[in-house]
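>>> what follows is a predicted structure for the sequence shown.
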Amino acid sequence: MRAFWILGDQLLPQHPALRQATPQDTFLFIESASRSSHLRYHQHKLVLLYSAMRHYAEELRQAQKQVWYHQLEDGIGDYFDALERFCKNQKPSSIIVMEPNEWGMQSILPHLAKGLGVAIEIIPSEQFLVTRGDFKAWAGSKTNLLMATHYQFQRKRLNILLDEKGKPEGGSWSFDEDNRKTANDFKKAKLTAPPLPAIARSAITQKVISQVTKHWSSHPGQASTFWLPVTRRESLQWLAHFIENSLPHFGAYEDVMIDGEKTLYHSVLSPLLNIGLLTPQECVEAALKAYQDKKAPLASVEGYVRQIIGWREFINGVYWLEMPEYQDLNFLKATRSLPAWIYSAKSPLNCVSRCIQQASETGYNHHIQRLMVLGNFFILSGCEPKAVLAWYKEMYVDAYDWVMQPNVLGMVLYADGGRFATKPYIAGSGYISRMSNYCAGCQYKPAIKTGPQACPFNYLYWNFFAQHSEKFKNNHRINMMVKTWEKKSVVEKEEIQASAKSFFQNNW
Ligand code: FAD
Ligand code: SF4
């Protein structure tokens with residue numbers, strides 16, 4: 001008998017194991033309490049993973065497959081303990097696993113095989129559109145990896161949104177310029193974002209909620225307010241809901257942040273994509289169909305397609321290309337610890353506080369909240385990369401190492417020195433006050449530049465150049481800002497640096 005080990009983030013509808021296994025083979029699932037305790041993972045993420053795994057295994061049992069399932073309550077510590085018990089009991093000839101999505105997991109497989117005395121065979125992943133090898137071949141010896149170039153390459157390869165001459169549909173590879181509506185535009189349009197379909201809780205989910213509450217009540221979130229799909233059928237319902245109700249407005253309002261509107265027109269499909277309940281192909285195909293049926297405009301459809309075959313595939317490619325060295329990078333030599341309030345809504349900055357509150361309650365923030373509010377805050381405060389990475393991994397339901405490392409270390413913190421970001425994503429209050437309604441409820445004033453009433457983003461932005469001018473003076477995308485900083489008067493520079501110093505003294 002061979003054992004096909006289905007990892008918790010690989011619950012694919014067409015998992016290669018389903019094709020390869022014979023009736024004599026066994027499907028193996030392991031819930032590892034010790035793995036879930038590495039960090040303080042959000043309770044909703046743990047409920048999602050365990051409930052989705054149990055439902056997936058149950059469907060296999062109902063299809064008359066042999067399933068060996070180690071649940072939390074079986075008292076097993078780590079993967080090795082569980083595998084050892086399984087091997088002693090079942091004596092498999094080999095264990096077969098699809099390429100793990102995380103580098104750490106992939107690197108322990110040879111050690112597990114050695115310790116168990118059983119061969120572990122790795123079969124290619126079918127969870128992404130671009131294989132690790134193909135990304136490596138594309139990257140070649142490029143010093144800068146550009147998402148836009150990779151995206152165009154993939155659009156052509158996959159024949160997506162091309163006209164009969166092979167040119168981009170609508171005459172452009174990207175319609176981002178059309179997708180810049182502000183919080184004020186949202187208000188004026190008097191739109192209401194559609195609520196996500198409610199998910200009825202099964203007995204399986206209810207049981208997992210009790211177990212997560214029992215074991216991990218100190219982790220962010222509350223298991224009892226869990227809100228996400230856990231099965232393939234429910235995931236397809238959310239995809240259909242997104243395509244029909246949100247995609248038409250997705251592009252226009254994708255950067256807007258409205259207090260109280262948790263998901264706006266975003267899909268909230270990343271938690272499902274990242275554990276395999278949905279595939280990138282079917283999400284892209286559904287968006288393309290909406291365009292063909294004239295149910296969604298090109299700017300929205302292209303914008304969404306770019307997130308999936310552009311950003312998502314690119315981030316995964318960068319991760320496998322750069323690991324393991326990537327995880328230790330700290331180009332800006334940032335050393336500040338995180339502020340004590342970082343897990344609560346007690347931040348003095350209203351925008352930061354609202355985003356943290358939302359992440360604590362739901363395990364979800366959309367991209368701009370993660371990047372331009374929280375990320376902006378972390379990089380401008382000079383927070384230490386490993387601590388920031390751990391925080392992000394703990395707060396989100398869709399957080400996995402492959403996606404967090406490049407997004408946090410590369411995109412947010414510029415810790416990789418610009419391996420793929422052409423400049424740091426930093427901004428003063430102007431961007432946040434234009435794209436959100438957070439400033440109205442804030443103790444600080446976005447129009448004031450220094451002093452106790454000033455928005456901290458304003459002086460922290462220039463303080464960043466006070467510290468890092470040398471590193472960016474030859475970067476053509478940002479050297480104008482270096483020059484502007486250098487031209488400021490001595491008095492102005494002193495006011496900026498004094499405001500930053502007092503902000504850190506009073507708020508850490
Ligand atoms: P939508 O706005 O509906 O976007 C569509 C889809 O595109 C997403 O579902 C996602 O699958 C994909 N996507 C878009 N951008 C990215 C990206 N940069 N990296 C990977 N996929 C992308 N995404 C995760 O899936 N897991 C994470 O842990 C994660 N951490 C992030 C941390 C930071 C600091 C930043 C800046 C971004 C992070 N992202 C992460 C990317 C992005 O913010 C989320 O994918 C998105 O917010 C998920 O919500 P959604 O499904 O409603 O997205
Ligand atoms: Fe955030 Fe500054 Fe606006 Fe306050 S004033 S909400 S800190 S951008």
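Yes, it's here. Bear in mind that the values here come from a model prediction, so they are computed numbers and not experimental data. Numbering: from 1, shown residues only. Ligands and ions are numbered 1, 2, ... in the order given.
>>> contacts and neighbour counts: CA atoms only from here.
Fine.
>>> number of nearby residues for K91?
By other CA atoms under 10 Å, the residues close to K91 number 14.
>>> meant to ask about D398
For D398, the count of nearby residues is 23 (other CA under 10 Å).
>>> residues contacting it?
The contact partners of D398, taken as CA atoms under 8 Å, 6 or more residues apart in numbering, are K45, S270, P271, L272, N274, Y364.
>>> equivalent analysis for M98, please.
W5, I6, P16, I122, I123, P124, S125.
>>> the last one: which element?
Yep, that's S125 we're talking about. Following DSSP states H and E, one finds S125 outside all helices and strands.
>>> enumerate the residues of the stretch 251-400 of the chain near ligand 2.
Proximity of the stretch 251-400 of the chain to ligand 2 (CA under 6 Å from any ligand atom) is limited to residues L349, N350, C351.
>>> my bad, the chain
Residues of the chain lying close to ligand 2 (CA under 6 Å from any ligand atom) are 349-351, 429, 432-433, 438-439, 442, 444-446, 455-457.
>>> so which of the residues of the stretch 251-400 of the chain next to ligand 2 are in helices?
If you go by DSSP state H, these have N350, C351 in helices.
>>> now the residues of the stretch 251-400 of the chain next to ligand 2 in JSON lines, with neighbour count and pLDDT?
Below are these laid out as JSON lines (neighbours: other CA atoms under 10 Å; pLDDT from 0 to 100):
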{"residue": "L349", "neighbour count": "20", "pLDDT": "97"}
{"residue": "N350", "neighbour count": "18", "pLDDT": "98"}
{"residue": "C351", "neighbour count": "26", "pLDDT": "98"}
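>>> any idea how far V491 is from ligand 2?
23 Å (CA to the nearest ligand atom, to the nearest Å).
>>> from the contacts of D398, which single one is nearest ligand 2?
Ranked by distance to ligand 2 (CA to the nearest ligand atom), the contacts of D398 are led by Y364 at 18.9 Å.
>>> tell me the residue of this protein that sits nearest ligand 2?
C439 (3.6 Å).
>>> which of the residues of the stretch 251-400 of the chain next to ligand 2 sits closest to ligand 1?
Using CA to the nearest ligand atom, those come closest to ligand 1 at C351, 15.5 Å.
>>> isn't N463 right next to Q497, touching?
Yes - N463 is within contact range of Q497, at 5.9 Å (criterion: CA atoms under 8 Å).
>>> more neighbours, these two?
Neighbours per residue, other CA under 10 Å: of N463 and Q497, the larger number sits with N463, 24 against 19.
>>> how near is the more buried one to S433?
Distance, N463 to S433, using CA to CA, to the nearest Å: 20 Å.
>>> for L48, same thing?
34 Å.
>>> S202 too?
42 Å.
>>> which one's more surrounded, these two?
The neighbour comparison of S202 against S433 (other CA under 10 Å) goes to S433, with 20 against 12.
>>> so the more buried one is in which element?
Counting by DSSP H and E, S433 is part of helix 429-435.
>>> what helices or strands is that helix leaning on?
Applying 3 or more CA pairs under 8 Å, 6 or more residues apart in numbering; DSSP states H and E, we find helix 429-435 packed against helix 183-188.
>>> identify each buried residue in the helix it packs on, please.
Across helix 183-188, burial judged by 16 or more other CA atoms under 10 Å covers A183, N184, D185, F186.
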